[in-house]
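Engineer: Curious how this folds, go ahead:
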Amino acid sequence: MGGETVRLMIEIDRERDGRWIADIPALPGVIVYGATRDQAIAKAKALALRVIADEIEHGERPHAPAGVSFDLAA
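Structural biologist: Sure thing, here's the model as predicted:
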């Protein structure tokens, strides 16, 4: 049976060169760039889901979450 829903905060910022950067601090290594804000957010969500799946596969996460939700940092 799955665990609780995992809630992840996405921090987003714009670089000086115009690229957008999205980071999910709760998952080390989940930091991505995108040409647009929406693209950076979508890439961060996709990478986060891959990281969580990898953690489950390698036994680093004891239970699969019931779900994953994302919030944007204010």
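Engineer: Going along the chain, name the strands of this structure.
Structural biologist: Counting by DSSP state E, the chain has strands at residues 5-14, 20-23, 31-34, 67-72.
Engineer: so can I have a markdown table of these showing mean pLDDT and distance to residue 40?
Structural biologist: In this view, the C-beta of every residue, glycine as well, is placed from N, C-alpha and C. Putting these into a markdown table (pLDDT from 0 to 100; distance: least, Cβ to Cβ, whole Å) gives the following:
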| stretch | mean pLDDT | distance to residue 40 |
| --- | --- | --- |
| strand 5-14 | 96 | 6 |
| strand 20-23 | 98 | 4 |
| strand 31-34 | 97 | 3 |
| strand 67-72 | 95 | 11 |
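Engineer: Pick the most buried one from these.
Structural biologist: Among the strands of the chain, strand 20-23 has the highest mean neighbour count (mean count of other Cβ atoms under 10 Å), at a mean of 20.
Engineer: Touching it from outside, list them.
Structural biologist: Outside strand 20-23, the residues within contact range by Cβ atoms under 8 Å, 6 or more residues apart in numbering are 10-15, 30-37, 39-41, 43-44.
Engineer: Over to stretch 59-74?
Structural biologist: Stretch 59-74 is touched from outside by 1-12, 41, 44-45, 48-49, 52, 54-56, with contacts defined as Cβ under 8 Å, 6+ apart.
Engineer: What of stretch 48-55?
Structural biologist: Under the criterion Cβ under 8 Å, 6+ apart, residues 6, 8, 24, 27, 29-30, 60-61, 65, 68, 70 lie in contact with stretch 48-55.
Engineer: redo that, cut-off 7 Å
Structural biologist: Stretch 48-55 is contacted from outside by 6, 8, 24, 27, 30, 61, 65, 68, using Cβ atoms under 7 Å, 6 or more residues apart in numbering.
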